[in-house]
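> only geometry, no sequence info:
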């Protein structure tokens, strides 16, 4: 079973569509008289063939008498074209009917030969998938038709006004912009075709183009507000050249089609949910009367010292969050049944976004400073401070120290003219780390664009006078990072003081750390680097950090971009006259076993990435560690 066939089976894909202006129905004037005559001759004396076309299209026997009359029959031409390109609702034409239609539309295909030639490798790749319908649709196809497929391959520049690109000649930018805007409108109309039916899910899409770049594709996705999990970009020429990256990208979408569809109802419901929840809160704000504020102040806040507006802000934010959660349950309820991920191998991924970790981070640590006294430096329970000034340039903060305030909130607030009851602040020290100690509870912390774990030193109690702590904040000897939300603060305080009950909190997701690395071999005892070393920003390899495992058991996976890069260099290695025959043999063994290289995308421990004596993967201490004295092609990785 091919990779794409297996991916489609896992993703439950039953119907695919290519939407490209190369398939646009022709106008009557495009059909030449000679082609019409050849079509008629093919049908002569074959009554069964004529009957078949009459049943499956709008062809009448009189239509075979006059070429000029045929040119004015737009509906007939479109029905015959739909039968020819496989978009008709009728059953596929017989071999004889296919031959006849090919004669009728031969001149049109010749005019569009370059565009159709560019699509042919993609058509052949998808046509080889068994039990999957493939539709080839023009740019005017009804959105309701497209909305019924699982995955669409959409031409980025959707317009017959754009000529086929030959020898790098790019059409005028104004024409490209117009065609791109049309593709965007078309995609949105397909989504709109499903919005009124909660059971209908808009298709995932793969953007295809012969002239666009990955960056242009990403900008198109953002403008279309398409979920990243249901989008990929593929260059038509890359398929023609037989590159591996398009196969990997297409397999990604096919494999995850059913599983990633769960995000669509949430995206669709979000504007309505947020609007309903906001209106509910807005209505209550408008109902608040002077007496409500007066009673609140005199019976509670006057004694606590918290300004009314600060209290109201926290109250409204909490109420809005509650209404959003309730509305989600009503409008996008969780479905009961087998998880769509049950049959999907969880080992294959493109570079992760860490969006889950970021979403979890804001539920765990608030970045809202809130009211902190007149000078803005009063500590609050759960405050987290970084020791020193946070660097402006993004760099690792591993091993740097942080402090968390463990004193209860009631001891830290000012009550009118009265200072806080606590004269000193109870602190908990910790260090920022790459990954968590074994058997330690997870403590993810986001600083800038990096995600860290906190290694708390629970057996090292500390205290600092409130006065000294405020001085350190003013002098930037301590930098405020955020504040633990109440349930997480109580959970950590419970561990620290061993006096409060354990409080259950939302379990954090696995998050990912980009790795640096290089590919190398040894010849005559010398290490030789293949290609250039890669950095974390290349997003070639990732450590999937799991909190309950030691480093050697932490899963590692490579991305589709790395696989494509690696295969390109393996191919070049076989032609390199400087390399030994043994090295070439190993490189050929890997390219011949293409799927074994693709398996590098599986999330698994380093030792499981090894392939006989041909390829080895190692998590090195740092970039200076040398390759092992083996003949295998080695991938060395390290953390930065």
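Good, I have the coordinates. Just so it is clear, the structure is predicted and the values come from calculations on it, not from any experiment.
> what about the helices in the stretch 1-150 of the chain?
3-11, 33-43, 47-56, 67-71, 74-85, 95-104, 106-111, 113-127, 143-146 (DSSP state H, counting those that start in this stretch).
> what sits up against the first one?
When contacts are taken as Cβ atoms under 8 Å, 6 or more residues apart in numbering, the neighbours of helix 3-11 outside the stretch itself are 1, 13, 125-126, 128-130, 132, 150, 247, 250-259, 343-345, 595, 598. Glycine gets a C-beta too; all of them are placed from N, C-alpha and C.
> so where's the stretch 451-600 of the chain uncertain?
Within the stretch 451-600 of the chain, the set of residues satisfying pLDDT under 70 comprises 460, 497-511, 545-551.
> wait, isn't residue 187 in contact with residue 205?
Yes: here residue 187 reaches residue 205: they are 6.8 Å apart, a contact under Cβ atoms under 8 Å.
> give me the common contacts of the two.
Residues touching both residue 187 and residue 205 (Cβ under 8 Å, 6+ apart): 154, 226.
> got phi/psi on the closest residue to residue 261 other than its chain neighbours?
Spatially, and ignoring its direct neighbours in sequence, residue 261 is nearest to residue 201 (4.7 Å; Cβ to Cβ, 6 or more residues apart in numbering). Residue 201 has phi and psi values of phi -110, psi 130 when expressed as degrees, to the nearest 10.
> cool, and residue 406?
Residue torsions, per degrees, to the nearest 10, at residue 406 are phi -110, psi 0.
> from residue 30, how far off is the residue nearest to residue 91 when sequence neighbours are not counted?
Leaving aside its chain neighbours, residue 91 sits nearest to residue 56 (7.2 Å; criterion: Cβ to Cβ, 6+ apart). Separation of residue 56 from residue 30 (Cβ to Cβ, to the nearest Å): 22 Å.
> wait, which of the helices of the stretch 1-150 of the chain is closest to residue 330?
Proximity to residue 330 (Cβ to Cβ) singles out helix 143-146 among these, at 27.7 Å.
> which residues sit against the closest one?
Contacts of helix 143-146 (Cβ under 8 Å, 6+ apart): 17, 19, 87, 135, 137, 152, 186, 189-190, 192-193, 203.
> just to revisit the earlier point, the residue nearest to residue 91 reaches residue 89, doesn't it?
No: using Cβ under 8 Å, residue 56 is not in contact with residue 89, being 9.2 Å away.
> give me the more crowded residue out of the two.
residue 56 (20 against 9; other Cβ atoms under 10 Å).
> low pLDDT regions in the stretch 151-300 of the chain?
Along the stretch 151-300 of the chain, segments meeting pLDDT under 70 span 159-169, 198, 297-300.
> so which residues of it form helices?
Going by DSSP H, counting those that start in this stretch, the stretch 151-300 of the chain shows helices at 173-192, 214-224, 236-240, 245-260, 263-287, 290-296.
> got it, and the stretch 501-640 of the chain?
Assigned by DSSP H, counting those that start in this stretch, the stretch 501-640 of the chain shows helices spanning 560-575, 581-592, 594-598.
> and the angle from the first one to helix 245-260?
Put plainly, it is helix 560-575. Interaxial angle, helix 560-575 versus helix 245-260 (axes from the mean of the first three to the mean of the last three Cα atoms, to 10 degrees): 160 degrees.
> which elements pack onto helix 560-575?
Judged by 3 or more Cβ pairs under 8 Å, 6 or more residues apart in numbering; DSSP states H and E, the packing partners of helix 560-575 are helix 245-260, strand 526-534, helix 581-592, helix 594-598.
> which outside residues touch stretch 593-607?
Residues contacting stretch 593-607 (Cβ under 8 Å, 6+ apart): 3, 244, 248, 345-349, 544, 552-560, 562-563, 566-567, 570, 590-591, 608-609, 611, 617-619.
> how about that stretch: buried residues?
Taking 16 or more other Cβ atoms under 10 Å as the neighbour-count basis, stretch 593-607 is seen to contain the buried residues 597-604, 606.
> stretch 227-246 too?
So for stretch 227-246, counting by 16+ other Cβ under 10 Å, buried means 227, 229-236, 238-240, 243-246.
> so what's the gap between it and the chain middle?
Remark: stretch 227-246 is offset 15 Å from the chain centroid, using Cα atoms, centre = their mean, to the nearest Å.
> show me what contacts the residue nearest to residue 261?
194, 261, 264-265.
> and it, how far is that from residue 257?
Relative to residue 257, and taking Cβ to Cβ, residue 201 is found at 9 Å.
> residue 199 too?
Distance from residue 199 to residue 257, by Cβ to Cβ: 16 Å.
> between the two, who's got more neighbours?
Neighbours per residue (other Cβ under 10 Å) separate residue 199 from residue 257, with residue 257 holding more: 25 against 6.
> so what sits opposite residue 635 in the bridge?
Residue 635 has these beta-bridge partners by DSSP bridges: residue 519, residue 617.
> what does the pLDDT read for it?
Looking at residue 635, its pLDDT stands at 95.
> go ahead and confirm it touches residue 616.
Yes: using Cβ under 8 Å, residue 635 makes contact with residue 616 at a distance of 7.3 Å.
> what touches both of the two?
With Cβ under 8 Å, 6+ apart, residue 635 and residue 616 have common neighbours residue 609.
> those two: who's more crowded?
Between residue 635 and residue 616, counted using other Cβ under 10 Å, the more crowded position is residue 635 (25 against 20).
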